[in-house]
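*Asks:* Show me the folded form of this:
(one chain, ligands or ions: 1)
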Amino acid sequence: MNMIREMKCTTTANRGCDACRSNSTAGRELQFATLQADWSQGSRHKGETYRLQLCESCFFGTLGYVRQLRRSHHMFEEDYDASADVRLGLIVEDGHCDEEKT
Ligand SMILES: [Zn+2]
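*Replies:* The predicted model follows:
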């Protein structure tokens, strides 16, 4: 089992974006976002590990979907501020880290 996991991990850098299969480049380096989960005891997907790499375009498409989910879960709450969702997950901007932005 561990051998299969290692083999999959070593090939991810060469496969491109898991959604659109393109290579995401910025300058000369490949750049991908990682969507990862390792479900443990108590979850419906116990023992399953996921790791997806997404190009910039697919990452922001996924982030938009997460914003929609968040809005649908909280839109009727009195203190819900939809304008704050624009910065959902953004913890570093222009080299400055702010954990309270999440
Ligand atoms: Zn993509």
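*Asks:* for the lengthiest helix in the chain, packing partners?
*Replies:* Counting by DSSP state H, the longest helix found in the chain is helix 56-74. Counting contacts by 3 or more Cβ pairs under 8 Å, 6 or more residues apart in numbering; DSSP states H and E, helix 56-74 is packed against strand 33-38. Yep, even glycine has a C-beta here, placed from its N, CA and C like the rest.
*Asks:* The ion contacts on this protein?
*Replies:* Applying Cβ under 5 Å from the ion, one finds that the chain approaches the ion through 17, 19-20, 55, 58.
*Asks:* Can I get the buried part of the residues you listed as one PyMOL selection?
*Replies:* Buried subset of these, written as a PyMOL selection, criterion 16 or more other Cβ atoms under 10 Å:
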select buried, resi 17+19+55+58
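*Asks:* ok, which pair from the residues of the chain next to the ion is furthest apart?
*Replies:* Ala19 and Cys55 (7.5 Å; Cβ to Cβ).
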